[in-house]
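Enquirer: I'll drop the sequence and a predicted model, then ask my questions.
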Amino acid sequence: MIRCVPLGAGQDVGRSCLVLTIGGKNVMLDCGMHMGYNDNRRFPDFSYLSRSGNFNAVLDAVIISHFHLDHCGALPYFTEICGYDGPIYMTTPTRAIAPILLEDMRKVVTERKGDTNFFTSDEIRACLAKVIPVSLGESVWVDDDLVIRPYYAGHVLGAAMFHIQVGDASVVYTGDYNMTPDRHLGAAWIDECKPDLLITETTYATTTRASKRSRELDFLKKVHECVLAGGKVLIPVFALGRAQELCILIDSYWAQTGLKVPIYFSAGLTERANQYYKLFIGWTNEKIKSSFTGAASGNSITNNIGSSSSSSISSNSNGGAESTTSHNMFDFKHIKPFDRNFVDEPTAQVLFASPGMLHAGLSLDVFKKWCHDPKNMIILPGYCVPGTVGAKVLAGEKVIDIDKLTRVNVNMQVENLSFSAHADSKGIMQLIGMCKPKNIMLVHGEARKMAQLKTRILAETGIPCYDPPNGTTITINTQEFVQAAISNDAIIRSINAATTGKIATLQDANINSAEKKLKMDIVEQQQQRTEIPFTGAAVIDPTLKIPRIVDRYECAQEFEVELVEFKMRIRKTFDATEMVSRHLRTAQQHLLQLQQNQQQPQQQHQPHYQQQQHQHQLYHQQHLHQQYYQKQQQQHQQQQQHQQVSQKRKLEQQQQQQPHELSGTEVVVQMLDVAFRRFVVQNQQPALTGHQQKQGSGGAMSAVNSASTPNGPKKPKRTTVSLNGNILNVGSVVVTVVGGGGIGGDCAGSNRDDNFEEDAIIVEWPSGDDEARDFATKIVAVVK
Amino acid sequence: MSHLTNAASATNSRWPCWILEIDSFTILLDCAISEFGASAPVQNVIPHLDAKTIQRINVVLISNHETFLALPYISEFGGFNGIRKIFATDPTVAFGKLRLEEFIRSNPQVLNADGVMQPCYSNNEAQSCIEKINRVSSGYCLGSTNWMISFHFQKILYISTSSTTLGKHSAPIDIEAMKFADYVICNNAAATKSAQSTQSTLQKSGKTIFSQLSRSIENGGTVVFLCKPFGCLFDLLELIEGIFLSMGMTATVHVISTVANESLKVCNILGEWMNNERKERVFKSNVPLMHGPMMDSKRLLTHMSMHTVFVHKPQVLVLDYSDIENSSFSAFLKWRKGGACTYIVTESDSADFLMTFLSQSKINSNTLYCPFDAHASEQDYVTLLQTIKPGFGIVVPHASSYFMDIYGGNLSVLPGSGGKNSRCEIPIDSIIRSVLISKSMAQNVVLSQIAKAYCGVVSGTIKIGHPNILTKRDYNATKIILGEKGFLNRLLEASVSEVY
């Protein structure tokens, strides 16, 4: 079973934080912060995870998809203030760049806004020291079961999608991703991993963007025209990501056209950012990578030997040393660092300045100076938060109050250019097609758009899709597996039995190894039969770590227990709805009766116990299971002491009177008390409606839950050592085989979990089966 | 029973090529070309791999860029198809590509295992081979790996050329992870005794280089390092820069190799694969290795060939010896005749070959052997194996008495060269297989106590498939599936209640 609850990005953008439960492991996906709040609402609601604040006990790992603050901003808070110190995983570039952004934000929050309730620089450092960097394509085993694997996401440098797996259950969390390669990054890619759940971002859930190339050309044309006319171009950017892409774009355009107009880049953060891009060139796209390693130039492997001599000749002219045949795209030839004095220069220029939303800093200062001149131009490359100057400019306001004292007239040309590196709706559909998930969960988007996309996904792919708001858990049922050991011989015997059509006998075990090998080969060659029926016993030896599966032969050899085989088929199917309503009617009647005579059930209980004791004496004589017998006795005593029997329980006991009266069941009980039985359930499972199936699984879950409750170590004993009340699986119906007589009542009461609600069907032994006929003609099966 | 074949043509374990056959799986462990001959021209012999074997290979694991060279013969010829997979780390691929380029350029003589001349693969074939590699993650050099192969409940560890020396730029060897191994295939690449280098010899080498370098530069002499343009070159450059800094000297280092420029640049973007100290440098937006700033400030120059070096009147040179036979090299030897030039051989692999060559070339120069590549020594390997204590045994291509003393019965020697002795049975089998039982079935099993164990009846189907060794994700493993829904919990409770 997989459960996932968004703590921050459910039907919302910002503060990405999800908690995923997969195969008993809890993983936090991203730990972002919301930039729109100044109080603790900016952080995800971690109290959801643990009220006591002991996060180490509940979380197995934290995974950060990329360095944007809405994905990692709350991490120092979570580790240093909330006290989580378990493993944190992120890619190496994210590990490198995240602290810079965190520190930058910390400065803004604490120094500019004067907020004191925030993490410190030291806490950022301490937090990042706990990070385990991972590489693309690397499978990281967090523990014996949990494996994570990053895939390229293309959103920003080092952005990754994570494949999270426990046993057979798997989840893909995309973080933010981009399906179209851009100037500096490649497209997101994932293999066809068929996860049980794909958690995808949906920033652009309903948008389909025009081709990137035409948008780029448009952008360059505008810049070119503006500078030719002597205007100044202001490009407010966020220092990391888009800035580098635009720089590459403009730098190469300048190189092509031979433009001499200066391009400036406000220094500081960006210079360092460029440095990171240089260090992590392996994370950029193929073009940049190959131009860096020189694969596209002289010393490429694709060139023949002759070319190497020519390149050495050309290098002669370059002062002797070899010319740099490789070129780092982030060594910009035309872009120079900016100096504040350049603002007032009369000539044309292009300036990249942060921040991107014109809310403070250099970009705002320059805007104030340049906005009056219609020759000038401002290009806003991204999205602006409402209320910022950037948003007002985008909205086309001509008179803007920047603060109480400053009002400006905006005469400059305003352009918006969406270069955002999120997948659009087409991209999201493309990713779904790539990894072929069984379920989809939408996060990191606006509620309305998500709903639209959800409808679209359902219509186009038929894949179940969820868009839970914050704090709402989604649950996906998956088939889960437990590792066990089995001997090769047992498998071969089963294969033999399956291929020859007869059930394995003890003699089958005696075939010699050469034959075995031969038969195995035959099976392998055939390959049509990929599944074989298997019956045997599961063994748990406290000295072994994992359970063993043994077949009939091994069971006899090692434990001296014969597995008896029965064939059973369902004679009568049932309508659970009808049965429930019928029982409700009788229940109401019983309830009336019970209210009249409250003490009656307890008096009834005594003879039950005696009868069972008699049964067990018989059993004891046969099998010498002293220990078991004692346990049973103890349990019964406990049972009796248990004074507060619920109304429901009393009802159940009343209901069990019905099977009690069936004939021939006592023999069945004896038979079932043989330690090992083996039922090959033939025929088909009864047709069930969805409602009934749900009932069945609900019942099973409650059984598991109650079995795993911590209170009272005695309770599990009662469930694990129950011999009657044997549960079988018939297809998806859980059938409990019970004996008649006293045991019938006993089954529902003493040996089972208290909240184990049952309903009954009658199953008959096939008359043709000798073994079965000897024992009984009828058994009663109880269906939850 | 599983089999292991040593397909290497040479008995020298520097060029490994193993074929591991487990169940129906065939895994090729490394694919190196063996070099023969103490003097040039070196004969390059590809491993003993017939077409039939090649077609059976499911997976190829490459440990480092040196064990790469015969790979195009596997991937480009002999019916290798897309289903088969080649795994190597990013740095292995990056340097392996350069190694292939260099190899092709050197116009090598390639022989097959029977001594018949083979055409060398072309650049295009090499390129196509590189493109087929799946890049995965993993101390001898940057990105070198040891592989752990899980087969049901057994773990086979393949140890290729390793280094237990700390303080190198590459990430240190992960010994903890190795301790789980049941069976170890160990290349034991500490070839000869003279080639062994330990922490102390490294320090000794460092000191020798220090004194030699400072003296030569003060006297206006020249120091020539004979070194491949990967691996220990990066450590060597760190050392040289360190010496310069401590001496307050500045000299330009010239690296002569067709691939030096690319190699040096690529190395500095592979910070992810380096040790923690280097990683920290990267996190602070610094280049992980010192040669980055040296190149930026033009104190390190790369040359495609010898011709362009003389203009600079070089004092410190790093020379790729792959074209040592080249005429330009003899010109170089003549240029610095007499005692003015010191030759330092830093790589243990080719030490004997180079020392012989230098002594034969009748140059009246200093020649020194200062091993700087930190190969694990035989003693290191033995210590490592003692730590691992594999229960099923160890196999090595050749062994000295060191090994024999410690692992008498547990150790088998499997020499290369393709004879009958180069194939053996190994105690890895599938007598006990790992299967998966559906949790729902497991939870529904009703357990009873028999002796000390708990047993319960199970019934279902077993999915037979090939156990998929590498890609854990596509569990193609055996499964027993039954029903829908509560055993693990019960199992745990059963065992817990027993214990307490």
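Expert: Structure's in. What do you need?

Enquirer: is it fair to say A:Pro99 lies in a strand?
Expert: No: under DSSP: H, G, I helix; E, B strand; the rest coil, A:Pro99 falls outside any strand and is assigned helix.

Enquirer: contacts only, for it.
Expert: Residues counted as contacts of A:Pro99 (CB atoms under 8 Å, 6 or more residues apart in numbering or on different chains) are A:124-125, A:128, B:283. To be clear about C-beta, it is placed using only N, CA and C from the backbone, and glycine gets the same treatment.

Enquirer: what's the PyMOL syntax to select whichever of those are buried?
Expert: In PyMOL, a selection of the buried entries from the contacts of A:Pro99 looks like this (16 or more other CB atoms under 10 Å in any protein chain shown):
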select buried, (chain A and resi 124+128) or (chain B and resi 283)
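
Enquirer: can you list the domains in chain B?
Expert: B:2-191+B:375-426, B:198-369, B:435-499 (automatic domain parsing).

Enquirer: which pLDDT value does the model give A:Ser767?
Expert: pLDDT, A:Ser767: 33.

Enquirer: span of stretch B:256-264 from start to end?
Expert: 12 Å (CA to CA, to the nearest Å).

Enquirer: just to revisit the earlier point, which of the contacts of A:Pro99 fall within helices?
Expert: Applying DSSP state H to the contacts of A:Pro99, the entries found in helices are A:124-125, A:128, B:283.

Enquirer: thinking again about what came up before, which one of the domains of chain B lies closest to A:Lys260?
Expert: domain B:198-369 (26.1 Å; CB to CB).

Enquirer: now the element after the helix or strand harbouring B:His254, going C-ward?
Expert: Here B:His254 sits within strand B:253-256, counting by DSSP states H and E. Remark: after strand B:253-256, the chain's next helix or strand is helix B:260-267, criterion DSSP H and E.

Enquirer: pLDDT averaged over that following helix - what is it?
Expert: 86.

Enquirer: for stretch A:41-59, same thing?
Expert: 85.

Enquirer: and stretch B:427-440, by the same measure?
Expert: pLDDT averaged over stretch B:427-440 gives 72.

Enquirer: likewise for stretch A:387-402?
Expert: Throughout stretch A:387-402, pLDDT has a mean value of 83.

Enquirer: okay, buried residues for that stretch please.
Expert: Of the residues in stretch A:387-402, those buried (16+ other CB under 10 Å) are A:388-394, A:400, A:402.

Enquirer: any idea how many residues pack against B:Ile54?
Expert: Around B:Ile54 there are 19 other residues, counting by other CB atoms under 10 Å in any protein chain shown.

Enquirer: next SSE downstream of the strand or helix carrying it?
Expert: In the assignment (DSSP H and E), B:Ile54 maps to helix B:51-56. If you walk from helix B:51-56 toward the C-terminus, the next helix or strand you reach (DSSP H and E) is strand B:59-61.

Enquirer: helices and strands around that next one, which ones?
Expert: strand B:25-29, helix B:71-75, strand B:85-88 (3 or more CB pairs under 8 Å, 6 or more residues apart in numbering or on different chains; DSSP states H and E).

Enquirer: excluding its backbone neighbours, what's nearest A:Gln452?
Expert: A:Thr206 (5.3 Å; CB to CB, 6 or more residues apart in numbering or on different chains).

Enquirer: one step back: parallel or antiparallel, list what pairs with the strand holding B:His254.
Expert: strand B:300-303 (parallel), strand B:316-319 (parallel) (DSSP bridges).

Enquirer: among the buried residues of stretch A:387-402, name the ones in strands.
Expert: Counting by DSSP state E, the part of the buried residues of stretch A:387-402 found in strands is A:Ile400.

Enquirer: ok, of the buried residues of stretch A:387-402, which one's closest to A:Ser290?
Expert: A:Gly390 (36.3 Å).

Enquirer: thought A:Gly361 was touching that closest one, still the case?
Expert: No: using CB atoms under 8 Å, A:Gly390 is not in contact with A:Gly361, being 11.8 Å away.

Enquirer: gap between the residue lying closest to B:Met247 once chain neighbours are set aside and chain A?
Expert: Among residues not flanking B:Met247 along the chain, B:Ser214 sits closest, at 5.4 Å (CB to CB, 6+ apart). According to CB to the nearest CB, to the nearest Å, B:Ser214 stands 24 Å off from chain A.

Enquirer: tell me the contacts of B:Ser214?
Expert: By CB under 8 Å, 6+ apart, the contact list for B:Ser214 reads B:243, B:247, B:249.

Enquirer: of all these, the one with the weakest confidence?
Expert: Lowest pLDDT among the contacts of B:Ser214: B:Met249, 78.

Enquirer: pretty sure that residue contacts B:Ile217?
Expert: Yes: under the criterion of CB under 8 Å, B:Met249 makes contact with B:Ile217 at 6.0 Å.

Enquirer: which one of the two has more residues nearby?
Expert: Counted by other CB under 10 Å, B:Met249 and B:Ile217 do not tie: B:Ile217 has more neighbours, with 19 against 14.

Enquirer: go through the stretch of helix or strand that one belongs to and flag the buried ones.
Expert: Using DSSP H and E, B:Ile217 falls within helix B:199-218. By neighbour count with 16+ other CB under 10 Å, helix B:199-218 contains the buried residues B:201-202, B:205-206, B:209-210, B:212-214, B:216-217.

Enquirer: just send those back as JSON lines, with pLDDT too.
Expert: Converted to JSON lines, those look like this (pLDDT from 0 to 100):
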{"residue": "B:Thr201", "pLDDT": "74"}
{"residue": "B:Leu202", "pLDDT": "76"}
{"residue": "B:Ser205", "pLDDT": "83"}
{"residue": "B:Gly206", "pLDDT": "84"}
{"residue": "B:Ile209", "pLDDT": "87"}
{"residue": "B:Phe210", "pLDDT": "87"}
{"residue": "B:Gln212", "pLDDT": "86"}
{"residue": "B:Leu213", "pLDDT": "87"}
{"residue": "B:Ser214", "pLDDT": "85"}
{"residue": "B:Ser216", "pLDDT": "84"}
{"residue": "B:Ile217", "pLDDT": "82"}
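
Enquirer: thanks again, I'm all set now.
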